[in-house]
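Chemist: got a predicted structure here, sequence first:
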Amino acid sequence: MNIAIIGYGKMGKAIEAIAIGRGHTIVLKIDETNTHEFNAENLARADVAIEFTGPHSAFDNIIKLLQHHVPVVSGSTGWTERMPEITALVKETNGSFVYASNFSVGVNIFFELNKKLAALMAPHKNYHVALEETHHTQKKDAPSGTAITLAEGVMESLTSKKQWVNENSSNEEDLVIISKREDPAPGTHNIRYTSSIDDIEIIHTAHNREGFATGAVIAAEFIQDKKGIFGMKEVLGL
Ligand SMILES: NC(=O)C1=CN([C@@H]2O[C@H](COP(=O)(O)OP(=O)(O)OC[C@H]3O[C@@H](n4cnc5c(N)ncnc54)[C@H](OP(=O)(O)O)[C@@H]3O)[C@@H](O)[C@H]2O)C=CC1
Ligand SMILES: O=C(O)C1=N[C@H](C(=O)O)C[C@H](O)C1
């Protein structure tokens with residue numbers, strides 16, 4: 001498979017290594033220094049594009065790739081309030097798109113565990129729930145996309161929580177997400193239920209970026225012959 005990498009930073013480089021290891025060819029690598037190469041002629045050589053740039057550029061990049069009829073895998077975070085516009089364009093162009101706030105197999109299992117735990121905790125009103133995420137200091141967005149997905153998973157069952165907030169709050173309707181930034185942390189997430197009797201906590205700790213990169217390449221292999229919008233739940237058959 002011929003892959004275009006849009007965003008040749010920490011993730012783009014990890015994806016390149018995994019993709020080559022799985023027998024793929026990288027036909028295009030774009031970062032902020034060569035955006036002029038992100039054009040129709042070069043995109044025509046790609047079977048799929050993997051986009052990991054960041055909050056400020058992801059939306060425009062995804063739009064451009066869909067308009068050029070290139071299947072897209074994106075893991076950029078911090079822009080997803082505009083997802084409805086992408087959904088509409090995928091339908092309009094009969095395009096192919098995979099999005100995940102986190103591509104690692106471990107985190108996607110953790111997402112399911114989080115939802116199951118929230119459902120079990122829902123009747124037990126004496127517990128207080130809060131989330132915490134820790135990432136490297138270069139991260140541009142807070143809270144992490146993964147933490148937002150986890151918060152959404154909690155709120156599916158804990159209906160007294162009406163919204164997540166990224167600061168301490170005593171409002172019982174707020175689900176608090178605390179964000180910490182320290183190096184080299186590739187990504188740690190925990191959900192903690194506390195009471196005067198005991199605490200229950202689940203935690204996922206990424207040791208490096210290999211899991212994210214491997215999941216993104218698996219998603220690219222999955223999407224190349226499909227139409228529509230998919231998440232890692234479909235890619236992994238969870
Ligand atoms: N879903 C998941 O599993 C994961 C998601 N992420 C997310 O992926 C994104 C990227 O993370 P990471 O690789 O760590 O970030 P980096 O800052 O290391 O890399 C971002 C890359 O994007 C390039 N870039 C920035 N703007 C543009 C643009 N307009 N056009 C083309 N390229 C551009 C940068 O170029 P230059 O170097 O020239 O500035 C850089 O090469 C983040 O949103 C992060 O949260 C990260 C890990 C896992
Ligand atoms: O920026 C990162 O590094 C990461 N971003 C994603 C997120 O915002 O959840 C995924 C992972 O946690 C690493």
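Modeler: Here it is on my side, so go on. Ligands and ions are numbered 1, 2, ... in the order given.

Chemist: every contact and neighbour count from this point should use C-alpha atoms.
Modeler: Noted.

Chemist: in stretch 182-202, what's buried?
Modeler: Ala185, Pro186, Gly187, Thr188, His189, Asn190, Ile191, Tyr193 (16 or more other CA atoms under 10 Å).

Chemist: starting at the chain centroid, how far to it?
Modeler: 19 Å (CA atoms, centre = their mean, to the nearest Å).

Chemist: could you dump that stretch to CSV, C-alpha only?
Modeler: The C-alpha trace of stretch 182-202 is given here as CSV (Å, rounded to 0.1, in the frame of the first residue of the first chain):
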residue,chain,number,x,y,z
GLU,A,182,5.5,16.5,32.3
ASP,A,183,8.2,14.8,30.1
PRO,A,184,8.6,12.4,28.6
ALA,A,185,5.0,11.0,29.3
PRO,A,186,3.6,9.5,26.0
GLY,A,187,0.1,9.3,27.5
THR,A,188,-1.3,8.2,30.9
HIS,A,189,-5.1,8.2,31.7
ASN,A,190,-6.9,7.2,34.8
ILE,A,191,-10.5,7.2,36.0
ARG,A,192,-10.9,7.2,39.8
TYR,A,193,-14.1,6.6,41.8
THR,A,194,-13.5,7.6,45.5
SER,A,195,-15.7,7.2,48.6
SER,A,196,-15.2,7.3,52.3
ILE,A,197,-15.1,3.5,52.3
ASP,A,198,-12.8,2.7,49.4
ASP,A,199,-11.5,3.8,46.0
ILE,A,200,-11.6,2.1,42.6
GLU,A,201,-9.2,3.3,39.9
ILE,A,202,-8.4,2.1,36.4
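
Chemist: so what touches that stretch?
Modeler: 114, 126-137, 146-147, 203-209 (CA atoms under 8 Å, 6 or more residues apart in numbering).

Chemist: quick check on the residues you listed: which are buried?
Modeler: 114, 127, 129-135, 146-147, 204, 206, 209.

Chemist: out of the residues you listed, which is nearest to ligand 2?
Modeler: Thr146 (3.6 Å; CA to the nearest ligand atom).

Chemist: who's in contact with that closest one?
Modeler: Thr146 sits next to Ser101, Asn102, His189 when contact means CA under 8 Å, 6+ apart.
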